[in-house]
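A.B. asks: Starting from these lines, generate the structure:
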Amino acid sequence: MCWNCRGVFSCIPFLAESLRMYNVNVCALSEHWLRTFQLHVLDSIDKNYISIAKGTDEFNPELLTCKGRSGVALLISKDIYPFTSLIEVNSDRIIGIEINIPNSEKYYVFSLYLPAVTQPYEYFRNEVDLLFELSSVYEEFGSVILMGDFNSKIGGPRCIIKYDERSKLCKTLMSTHNLCSVNMELMCKGPVNTFQSYEDGPSTCIDHILINRTKLQHVKQAKVIDNHSFSTSDHHPIVCTLETESHLHHPQETSDPTVSWERARSTNSIEDYTFAVSTNLWTVNFPTTATPDVIESYYSCIVGAIKKAEKDTLPYKKFNRHSKPYWNPNLTVLRDSMRSIRNEWINNCHCHDTNCEFFQKYKSAKREFRTALRKAFDEYESNLAKTIESNLDIDQKTVWTIINNRKKKSSACSALVKDGVTYTDPKKINDIWLSHFQNVFSPSTYTDPKREIEITEKVSSIRKIVNRDQNNITFKLSDVSEICSKLKNNKACGHDGLFYEHIRYGGKLLIKHLHHLFNLCIKCAYIPNDWRKSMIILLYKGGNKPKTDTNSYRGISLVPSITKIFEKMVDLLLTLLRTDFRMSNSNKGAFLYDINSSSPVQADDISLIATNHESAQKMVSICEQYSESWSFSFSPTKSKLLQFGKKLTGPDIFLYNEPILSVKSATHVGISLDTSMKTMDRTLKACRTLRATTASVIRSGIHPAVLNPIVCAKIIRQVCYPKALYGCEIWGKLSKTETLMLERTHHYVCKFIQGLPRRTRTDMCLSLIGWLNLDSFINERKLLFFGRICNLPQRAISFRILVRKLFELKYFNQEYTNCASDFSKDCVDILYKYHLSDYLTKFMDSGHFPSQRIWKQIVHRSIFEYELKEWQQRINIDSDFNIFKKIHKVFQPHPAWTVALDFPYLRKQANYIVSLCCLVHNTNSDSILCDKCGKLFTDPCIHAISSCDYLSDIRDEFWCELLCLNPITFSAFLGSLDDEDFCYILLSCETEFELDWAMDTAIGKGYLSGTVYVGGHAIHQEIVQDFNNQVQYEAALGNCTIKPLPFDFGTEGGQICLPSSSKVWSSYHGLGDDTLKVDTMRTSIEGFQTKDGVFNIGVMGLTSGITDPSVFELPSPCKEGSMRKREVHEQQSPFVPI
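C.D. replies: Residues are numbered from 1 along each chain as shown. Next up is the predicted model:
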């Protein structure tokens, strides 16, 4: 199927219905009008389709605004998505995939949107030339299919056309590669013309599906879909059914419903479920005998009671293929109205004459529905963006739920290769998995008979000891109740479909029955057969491993929830009975007795370090013997041998009589190791990973066009940088080239998230968002890792190695001077760089080192102070920063970004201000002539704000807005500044103007006072705000003015005089009747940061906070009767100068 949707936002309902009705496998969309950060919308159209798309800003995704109306995409059904791969095409108007279905011919499908007739012919010819090249290359390997809007007439048996320059070029393309248009063949049904202009324009056939003429015999059906009540595009979709040699099997969907626990909690169904479980279990007796049959029957009764209660009381999740959370009742009304008007149009004339009353009425209703649908979707996306901004520091779970829902979901295993044959039949695939896991989970066999006898005797002795024990081992009801009450929500269930929530909300009677069941199992030494079964979930290992290989997946076994509770009880009982086996938890990793491990390696990630081949063989033999004694095996094919330094000759290292392969590089726990000690490949990988992960995050909607750059920066710092710089703690000293590569990537990301041009000066863009350079970030990670090692116990191997290296550096420094990859030397150099060498000296002299928490604060403060000083030195000696250093004096996010956090609708204005700050101003003394007013100027910003006559009306309105701000001394302060200082203050969004503010929520009054010096004269102003009467009194220069309050103050928490945007934060102090409730009203006042920490400002809802209530009395000019009213502009500014 192919369709020019003319904006996918308003076409989602029709597109979802068409995909389902015609069972489409591949859908080519053109003109979806989506930007790169909006492409995730395509994945929400239908849950059974995965999108591959290019946005309208494909080559410039960092732009804050993009007016282009283009974009191409392919929607691929999950049936064939595992068999598709992306084809790289250097064009933002063409996208292609390769479809390689097993036992079938390869297909190369391209979705395209060629330039319209309003664009130069050269653009059109370049895209057609690219199609020539793609068709020539890929027709050698399979069939090429071109689908989309060609913006050119293409003729055929159904339509004879007059060839123009574009048509002739397309005809040459088709004749060269033996292509034909399916919808122009006689077999095709529906309208001939696929484009009908709304504005009485031409009706033409410019949308086509081109296939090789020899494939026409395989076309089962072709159709051009006529107008539909949901279709808001002026193009008609084209559907073509093509038969292939291989039959695809549709994935089988599980029919078992799943409980919606979130909806159950919101609808108060939990209490009904608890009561139903207790009712069903009321007639179930507690067995007195412990036999296998009794246990099986008893367990079945318990599970049956739970399932019956679930069916009677709990709601189930409903699978919705076409989720439309943006839909509202108004859209339903407009949709029904459009349908009825369309039926009226069809019954009367069904013409496309713009003079026809019925056609005009239908197009008007269609346009209204399209506008409302797009507006609803924009509002929905805007609300999601506001949710992300407001909850990032409060509720990250909500934020990441929104972001993760936009990611592409991995498809199931649809094909497997066995003995060189590819199988797609689900039954055959299940048989292959059965055989695979039977081999994996086969019973262990001991190669050493003595070891098997030893273990058998040990187990037998344990059983004898237990049988001699006359005391019955039983579980406590309190222990079962405590474990069940602490079960976590939203965990996977087993094959029985029972979740932890079923047990947790089951009630006390269910806990008693489980307690009795567990004791019967212990007494009889028997567990139900269902507990021996598990459900295996396939987890793809990643790393570009072939998805048709069983070894590319890891099996995750899910046992029933009651089984896991029983295991928790047995573990608790073993801990009490076997006091000789103690296992504790540690924040540093695994901890057993006095063995402490702080490395992230897993059980099979073993690293052996030896000085020669003989030692390496001995260590491998020890591992081999250990594996044989416990009946497991290592994989010789996955084991690698790396030889660092001067290559030594020697015999091969054998594991299970198989030689271990010697390689030059390998990856261990995610860290690349290279025997040549070259790090350039590692640095290149880090740069590519940082760019790729940033682009991936941007595609999920984290873009400065919809989110504040401060929020974007936090998310990218949390996701992209740890992944790209994983293991940077043990990197050696980087070369200048490597540092430059990393810094350039870092600068690209920084400019991207602020929407700044790529050639913006680095020291500008970094300081405007408050980021340090990447080298300081890496150095901080190294110092923190150094501190963790220094805080390890003295017997830890890592600690002992570090201490030895440090003393070698101290006493034999010459020997290690040229070792660039030495971690210890690198850390010492960094400590000296940031003036932290005293801590190293103290550690080597006394062994004392700051704790991790204190060390983190020390490192962060020292690096920031050092980098701040370096930044100030750089901008002071560079003439390009002469103006910038007057605007932005601190290394923290620009105030425009922080203001936009509270007022998201000012985000574009904030970007404009920040972009102006980054301009490199004219440093020459030569003047420039303004072509608008005829005046000479040197600085365009100062000229536009202060002196250009062409902008005088706008300037007057701007000053009227400033005069409406309270207090009047603030506007007087701004008016006293010269043109340069006034421009710099506007761009910096900060002033040194101070204001005293007092509030009393009991009497509903506020007091403001401020003083400013203008021309050497002090002007003092006082304001008394009466929130009960919604007026304020301003006293200045002996006069009193009455005016309305600048804000709409409402009642919050029973208190007056607080803005309606205030948020109540409640806290309780004390116990029982002596509890004091304190409400903190959080207003839009920004916090501030010092070197000691971050301080927030709020308004306490305590009525006794003002010790001197006389400040709320009217100023003397107001008491003397010299009051006058002043007209105020209707539009009040959202800012209050503090």
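
A.B. asks: Now residue 406: phi and psi?
C.D. replies: Dihedral pair for residue 406: phi -90, psi -10, per degrees, to the nearest 10.

A.B. asks: Contacts only, for the nearest residue to it once chain neighbours are set aside.
C.D. replies: Sequence neighbours aside, residue 40 is the residue nearest to residue 406 in space, at 3.8 Å (criterion: Cβ to Cβ, 6 or more residues apart in numbering). Where C-beta positions appear, they are placed from N, C-alpha and C, glycine not excepted. Each residue near residue 40 by Cβ atoms under 8 Å, 6 or more residues apart in numbering is listed here: 406-407, 699-701.

A.B. asks: Buried ones from these, can you make that a ChimeraX selection?
C.D. replies: Entered in ChimeraX, the line below selects the buried ones among these, by 16 or more other Cβ atoms under 10 Å:
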select :406,699,700,701
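
A.B. asks: Turn the contacts of residue 40 into CSV, including pLDDT and distance to residue 557.
C.D. replies: Shown next, in CSV, are the contacts of residue 40 (pLDDT from 0 to 100; distance: Cβ to Cβ, whole Å):
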residue, pLDDT, distance to residue 557
406, 79, 30
407, 77, 26
699, 85, 34
700, 85, 31
701, 86, 36
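
A.B. asks: From the contacts of residue 40, pick the one nearest residue 477.
C.D. replies: Comparing these against residue 477 with Cβ to Cβ places residue 407 closest, at 44.5 Å.

A.B. asks: wouldn't the closest one be in contact with residue 697 here?
C.D. replies: No: between residue 407 and residue 697 there is no contact under Cβ atoms under 8 Å: 9.9 Å.

A.B. asks: which parts of the helix ranked longest in the chain are buried?
C.D. replies: Taking DSSP state H as the criterion, the chain has its longest helix at helix 357-391. Using 16+ other Cβ under 10 Å as the test for burial, helix 357-391 gives 358-359, 362-363, 365-366, 369-370, 372-374, 376-377, 381, 384-385, 388-390.

A.B. asks: what's the spacing between the residue nearest to residue 406 and residue 796?
C.D. replies: 46 Å (Cβ to Cβ, to the nearest Å).

A.B. asks: now do residue 305
C.D. replies: 53 Å.

A.B. asks: Between these two, point out the one with more neighbours.
C.D. replies: residue 305 (23 against 18; other Cβ atoms under 10 Å).

A.B. asks: For that one, list the residues it contacts.
C.D. replies: So residue 305 contacts 277, 280-281, 284, 510 (Cβ under 8 Å, 6+ apart).

A.B. asks: So for the residues you listed, which is the shakiest by pLDDT?
C.D. replies: Across the set of the contacts of residue 305, residue 284 stands lowest in pLDDT, at 89.

A.B. asks: any idea which element that one lies in?
C.D. replies: In the assignment (DSSP states H and E), residue 284 maps to no helix and no strand.

A.B. asks: follow-up on the earlier one: next secondary structure element downstream of the longest helix of the chain?
C.D. replies: Heading C-terminal from helix 357-391 (DSSP H and E), you reach helix 396-405.

A.B. asks: okay, now residue 669: neighbour count?
C.D. replies: With other Cβ under 10 Å as criterion, residue 669 counts 12.

A.B. asks: now it: how far from residue 606?
C.D. replies: 11 Å.

A.B. asks: Enumerate the helices of the stretch 401-550 of the chain by residue range, in sequence order.
C.D. replies: 426-440, 449-468, 477-485, 500-504, 508-524 (DSSP state H, counting those that start in this stretch).

A.B. asks: Can you say which of those helices is nearest to residue 18?
C.D. replies: Across those, closest to residue 18 is helix 426-440 (Cβ to Cβ), at 27.0 Å.

A.B. asks: And that closest one, how far out from the chain middle?
C.D. replies: 35 Å (Cα atoms, centre = their mean, to the nearest Å).

A.B. asks: which helices and strands does it pack with?
C.D. replies: strand 416-418, strand 535-540 (3 or more Cβ pairs under 8 Å, 6 or more residues apart in numbering; DSSP states H and E).

A.B. asks: thinking again about what came up before, mind putting the contacts of residue 40 into TSV with distance to residue 337?
C.D. replies: Converted to TSV, the contacts of residue 40 look like this (distance: Cβ to Cβ, whole Å):
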residue	distance to residue 337
406	32
407	37
699	36
700	36
701	32
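
A.B. asks: and the two most separated of the contacts of residue 40?
C.D. replies: Of all pairs drawn from the contacts of residue 40, the greatest distance, 10.4 Å, lies between 407 and 701 (Cβ to Cβ).

A.B. asks: mind checking which helix or strand residue 66 is in?
C.D. replies: Going by DSSP H and E, residue 66 is not in any helix or strand.

A.B. asks: can you pull the pLDDT of the nearest residue to it once chain neighbours are set aside?
C.D. replies: Distance criterion Cβ to Cβ, 6+ apart; nearest residue to residue 66, sequence neighbours excluded, is residue 57 at 4.4 Å. At residue 57, the model reports a pLDDT of 88.

A.B. asks: before we move on, the earlier item: now list the buried members of the contacts of residue 305.
C.D. replies: Buried among these by 16+ other Cβ under 10 Å: 277, 280-281, 510.

A.B. asks: Phi and psi next, for residue 620.
C.D. replies: phi -60, psi -40.

A.B. asks: Repeat that for the one 4 residues further on.
C.D. replies: Backbone torsions for residue 624, taken as degrees, to the nearest 10, come to phi -60, psi -40.

A.B. asks: same deal with residue 96?
C.D. replies: Here residue 96 shows phi and psi, under degrees, to the nearest 10, equal to phi -140, psi 160.
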